[in-house]
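>>> need a structure here:
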Amino acid sequence: MTGSPVRYLVVPTVDAADGAKSARFGDKTILWGPADQKLGRASRTAPGLVLVTQVGRTFQDEYPDVTPLLDHGRHLVISAADKPRRRSNHCWRVEVLKAGTTVVDVPARAARRVDPSVAALLGELTPMSYQADLTWLASLPTRHSLSASFTTAVDFAAARMVALGYNVTRMPITVGAGHSENLIGDRPGNGTGTRGLVVITAHLDSINLAGGVGGSSPGADDNASGSAGVLELGRLIAGRTWEHDVRLILFGGEEEGLFGSKQYVAALPAAERARIRAVLNMDMIASKNTAVPTVLLEGAAVSSGQIGDLAAAAATYTGLKVETSLNPFASDHVPFINAGVPAVLTIESADSANGHIHSANDKLEFLDWALASEILRMNAAALAGWLGLAAAPEVPRPAGSVVSWGPDRLDIFVVGTDAALHHLYWDGGRWHDFESLGGVIS
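Below is the predicted model of the structure:
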């Protein structure tokens, strides 16, 4: 990378120079080629190009003297001359920028026909419930995975899941030399065939990188926003009957290096992995960092179908702008993807503009409730498709005279397809069918 210098140019489209290598980042494309290649008057020369993927501003905060050649929030392009000796930690990663790649795409908005049952479901989302849970979680002094208040947060979330009818288990995990836990809530579907499994996840822990275990870490956006989202979607799902099983997971140890999700996936039996239809991971969904409310859907080739479903849900039921990336990094969707399971991260776009995370300043006052609500609507609409609304039992409807004998007794008289007169009555619990009253009605 540091051998022959290259000439590079950042343009709004890819149609700027014939023969140039290119990589797309949303609405921008970077072009590069040999130093003697003409790319345009605004081009510059650098000794090779490097892609940086970061959480928030972690790379930029650690290397403030490095000036990005292209800045797209979670993704940066820097000169190879500025490449650090380390290739990665759990907050950022550097790698060769490959030609012909789309690091971040902006798919065309393609709305589908509105499904009345999905629209009705979305009407049951409760912003006040979501905000109350998020506010409570962010009121704790910290949710560091090794702290006593992390256990308090797990207790709170477990009580919520139990009240909603989920079967709750707590999975012990190790975080470095310490101990923490994952919280898991299961609810079976009602399908008669082989049921699949849909998993909804977020990390419950927070961190103050400067303050350590004892530092104040409200973690309002990172990641009370995602954890409260799991509880709200779990509440929404509990009110309906679904074909497939649903599992809610709140992970510990994410901030230290995905400990909770790595150990969870490693312990999954092969048959259980094969049942998973989709993993929806929410991490930082409540900070509006762009003029237009935008969400990034991050996954891999294995989850491209799920990314498409989420993008369509956003176009159909929200006003969100959608960006997509098949460059997964540093959140709890990654261990699933590495195991071949279709998983997608939903995260606010341009998260590097959010300078509050991983500090004592990640507070409620910096959240955008409207953005979080839109992302939850998108997620809920996609979940409805993955889980499959179970068919409601068919209730006979009167096709003839109706007689009420009391508040819990309805009698109806129906001429059947056999031309005979039939008598049905409702006793407040179910329909009963008397024998035909006899006689053919001509």
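>>> Now stretch 286-294: average pLDDT?
For stretch 286-294, mean pLDDT rounds to 97.
>>> Could you check how far that stretch is from the centre of its chain?
Computed by Cα atoms, centre = their mean, to the nearest Å, the chain-centroid distance of stretch 286-294 equals 16 Å.
>>> CA atoms of stretch 146-157 as PDB?
What follows is stretch 146-157, C-alpha atoms only, in PDB (Å, rounded to 0.1, in the frame of the first residue of the first chain):
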ATOM      1  CA  LEU A 146     -19.200  -5.900  35.600                       C
ATOM      2  CA  SER A 147     -21.200  -3.500  37.700                       C
ATOM      3  CA  ALA A 148     -24.000  -4.200  40.300                       C
ATOM      4  CA  SER A 149     -26.300  -1.800  38.400                       C
ATOM      5  CA  PHE A 150     -25.900  -3.900  35.200                       C
ATOM      6  CA  THR A 151     -27.600  -6.700  37.300                       C
ATOM      7  CA  THR A 152     -30.200  -4.200  38.300                       C
ATOM      8  CA  ALA A 153     -30.900  -3.500  34.600                       C
ATOM      9  CA  VAL A 154     -31.200  -7.200  33.900                       C
ATOM     10  CA  ASP A 155     -33.700  -7.600  36.700                       C
ATOM     11  CA  PHE A 156     -35.800  -4.700  35.300                       C
ATOM     12  CA  ALA A 157     -35.800  -6.100  31.800                       C
END
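>>> buried set for it?
146, 147, 149, 150, 151, 153, 154, 156, 157 (16 or more other Cβ atoms under 10 Å). C-beta coordinates here come from the backbone N, C-alpha and C atoms, glycine included.
>>> likewise stretch 330-347?
Within stretch 330-347, the residues scored as buried using 16+ other Cβ under 10 Å are 330-337, 339, 341-347.
>>> distance between the ends of it?
Criterion Cα to Cα, to the nearest Å; first-to-last residue distance in stretch 330-347 is 12 Å.
>>> quick one on the thing from earlier: which of the buried residues of stretch 330-347 fall within strands?
343, 344, 345, 346, 347 (DSSP state E).
>>> Turn these into CSV, including pLDDT and distance to residue 230.
Output for those, formatted as CSV (pLDDT from 0 to 100; distance: Cβ to Cβ, whole Å):
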residue, pLDDT, distance to residue 230
343, 99, 14
344, 99, 14
345, 98, 13
346, 98, 12
347, 98, 14
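>>> Strands of the stretch 1-150 of the chain, start to end?
Assignment of strands within the stretch 1-150 of the chain using DSSP state E, counting those that start in this stretch yields the ranges 6-11, 21-25, 28-34, 44-46, 49-54, 70-72, 75-79, 92-96, 101-104.
>>> Spell out, range by range, the helices that occur in the stretch 151-300 of the chain.
Counting by DSSP state H, counting those that start in this stretch, the stretch 151-300 of the chain has helices at residues 225-238, 259-267, 270-275.
>>> Including mean pLDDT and distance to residue 250, could the ones you listed go into a markdown table?
As requested, the helices of the stretch 151-300 of the chain are exported to a markdown table (pLDDT from 0 to 100; distance: least, Cβ to Cβ, whole Å):
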| stretch | mean pLDDT | distance to residue 250 |
| --- | --- | --- |
| helix 225-238 | 98 | 6 |
| helix 259-267 | 98 | 9 |
| helix 270-275 | 97 | 19 |
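>>> quick one: which of the strands of the stretch 1-150 of the chain is nearest residue 354?
The closest of the strands of the stretch 1-150 of the chain to residue 354 is strand 49-54. By Cβ to Cβ, the value is 11.7 Å.
>>> now the angle between strand 21-25 and the closest one, please.
Between strand 49-54 and strand 21-25, the angle comes out at 20 degrees (axes from the mean of the first three to the mean of the last three Cα atoms, to 10 degrees).
>>> Now do strand 49-54: distance to the chain's middle.
Offset of strand 49-54 from its chain centre (Cα atoms, centre = their mean): 24 Å.
>>> pLDDT on that strand, on average?
98.
>>> which ones are touching residue 72?
Residues in contact with residue 72, defined by Cβ atoms under 8 Å, 6 or more residues apart in numbering, are 25, 26, 28, 103, 104, 350.
>>> tell me which of those is nearest to residue 66?
Residue 66 lies nearest to residue 25 out of these, by Cβ to Cβ, at 17.1 Å.
>>> ok so, going back, residue 139: which of the strands of the stretch 1-150 of the chain is closest?
Ranking the strands of the stretch 1-150 of the chain by proximity to residue 139 (Cβ to Cβ) places strand 49-54 first, at 28.6 Å.
>>> Pairing partners for the closest one, with directions?
When pairs are called by DSSP bridges, strand 49-54 turns out to pair with strand 75-79 (antiparallel), strand 92-96 (antiparallel).
>>> what mean pLDDT would you report for the last one?
In this case it means strand 92-96. Strand 92-96 shows a mean pLDDT of 96.
>>> List the buried residues for that strand?
Within strand 92-96, the residues that qualify as buried are 92, 93, 94, counting by 16+ other Cβ under 10 Å.
>>> Bridged to residue 280, which residues?
Counting by DSSP bridges, residue 280 is bridged to residue 200, residue 344.
>>> Would you mind measuring from residue 266 to residue 331?
Counting by Cβ to Cβ, to the nearest Å, the gap from residue 266 to residue 331 is 17 Å.
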